[in-house]
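Engineer: have a look at this prediction, sequence included:
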Protein chains: 2
Amino acid sequence: MVTKGKISEEVKCPVTGILQLIGGKWKPIILYCLRSETRRFGEIAARIPSISRKVLTEQLRELEQDNLILRVQFNEIPPRVEYSLTAMGKSLSPVLHEMEKWGLENIMNKK
Amino acid sequence: MVTKGKISEEVKCPVTGILQLIGGKWKPIILYCLRSETRRFGEIAARIPSISRKVLTEQLRELEQDNLILRVQFNEIPPRVEYSLTAMGKSLSPVLHEMEKWGLENIMNKK
DNA sequence: AAAAGTGGTAACTAAATGGTAACTAAAGGC
DNA sequence: GCCTTTAGTTACCATTTAGTTACCACTTTT
């Protein structure tokens, strides 16, 4: 299809941009889980029981690469790893907060 | 870690809830595209050029089923269909707006 | 000895998502 | 006759993402 001189919205779409960072099935929940606390791997897994450890690891790695979370590894036995939000991750909190609000108003008290 | 009477976050997680409605790869962009205008199928497709017509159709159907958008079909030849946000769809605008804001601040003017 | 505790990895399978091509309808243009 | 327009549908295949199961490394506790 030929675009007759019309500029597509997508090219400059900020929503597309954020979705590339937090668009995964689990990423918003993981960030939401870390919104106010530093948490260990096992803690996150316990709070999101239906995610597998493999997928959780993958998603955490991607979030780390995108500079939204910080991973700190302590070389102890047994091992300990702590995850927390970076400044950039914290800057997402208005977005997560609006999602939370909407969910509370439109889903939670509807059933 | 033993959950000492602690309920998992997920069970009552409002973020999980909203993600079931708008968690798809394209849904936030489609809603964002309809945020202030009623649009025809072809218009939406033109504004989101990288989505195929088939997938756009599927996503629109799902949004319609979830009562976020309204589909009005005019039985003309050639066919005409108009999409717009329902009240529930409009209620998502703070979420989309925060996503847009974050995208503008953190991605668009960063390159 | 063996299990518990921690944060993973590897190999494999399943599910979700995305894509193309060909087809439909009725009227108008060449 | 054939092409164009519009908003799809159908069939089929490819790709991407997610899930399952088993296993490791290392120390302390049972």
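Structural biologist: Alright, I've got the coordinates. Numbering: from 1, shown residues only, chains lettered A, B, ... in the order given.
Engineer: what's near enough to touch A:Ile30?
Structural biologist: By Cβ atoms under 8 Å, 6 or more residues apart in numbering or on different chains, the contact set of A:Ile30 is A:44, A:48, A:56, A:59-60, A:63, A:69. From N, CA and C alone the C-beta is placed, and that goes for glycine too.
Engineer: that one falls within a helix, correct?
Structural biologist: Yes. Looking at A:Ile30 with DSSP: H, G, I helix; E, B strand; the rest coil, it is inside a helix.
Engineer: quick one: it and DNA strand C, what's the gap?
Structural biologist: From A:Ile30 across to DNA strand C, the span is 12 Å (Cβ to the nearest atom of the strand, to the nearest Å).
Engineer: tell me the buried residues in the helix or strand harbouring A:Gln20?
Structural biologist: Element membership of A:Gln20, judged by DSSP states H and E, is helix A:14-22. Buried residues in helix A:14-22, defined by neighbour count with 16 or more other Cβ atoms under 10 Å in any protein chain shown: A:14-19, A:21-22.
Engineer: looking at those residues, which is nearest A:Cys33?
Structural biologist: Lowest distance from A:Cys33 to the buried residues of helix A:14-22 (Cβ to Cβ) belongs to A:Ile22, with 13.0 Å.
Engineer: stretch A:101-111 near chain B anywhere?
Structural biologist: Yes. Judged by Cβ under 8 Å from any Cβ of the partner chain, stretch A:101-111 comes into contact with chain B at A:101-108.
Engineer: what segments of chain A are strands?
Structural biologist: A:39-40, A:69-74, A:80-85 (DSSP state E).
Engineer: mind checking which residue lies nearest the centre of chain A?
Structural biologist: Nearest to the mean C-alpha position of chain A, by Cα atoms, centre = their mean, lies A:Lys27 at 3.1 Å.
Engineer: just to check, that one is in contact with A:Glu64?
Structural biologist: No. The pair A:Lys27 / A:Glu64 is not scored as a contact, 11.6 Å apart, by Cβ atoms under 8 Å.
Engineer: farthest pair within the contacts of A:Ile30?
Structural biologist: Checking the contacts of A:Ile30 with Cβ to Cβ, the most distant pair is A:Ile48 and A:Ile69, at 14.2 Å.
Engineer: look up phi and psi at A:Arg35.
Structural biologist: Torsion angles at A:Arg35 (phi, psi; degrees, to the nearest 10) stand at phi -60, psi -30.
Engineer: ok so, going back, DNA strand C: which of the buried residues of helix A:14-22 is nearest?
Structural biologist: Of all the buried residues of helix A:14-22, A:Leu19 has the smallest distance to DNA strand C: 10.0 Å, by Cβ to the nearest atom of the strand.
Engineer: give the contact list for that closest one.
Structural biologist: With contact set as Cβ under 8 Å, 6+ apart, A:Leu19 has these partners: B:25, B:28-29, B:99.
Engineer: separation between it and B:Gly103?
Structural biologist: Remark: distance between A:Leu19 and B:Gly103 (Cβ to Cβ, to the nearest Å) = 9 Å.
Engineer: check A:Lys90 too.
Structural biologist: The spacing between A:Lys90 and B:Gly103, counted by Cβ to Cβ, is 16 Å.
Engineer: which one of those two is surrounded by more residues?
Structural biologist: Taking neighbours as other Cβ atoms under 10 Å in any protein chain shown, A:Lys90 and B:Gly103 compare with B:Gly103 leading, 22 against 14.
Engineer: who's in contact with the closest residue to that one other than its chain neighbours?
Structural biologist: Nearest residue to B:Gly103, sequence neighbours excluded (Cβ to Cβ, 6 or more residues apart in numbering or on different chains): A:Pro14, at 2.6 Å. Going by Cβ under 8 Å, 6+ apart, A:Pro14 touches B:99-104, B:107-108.
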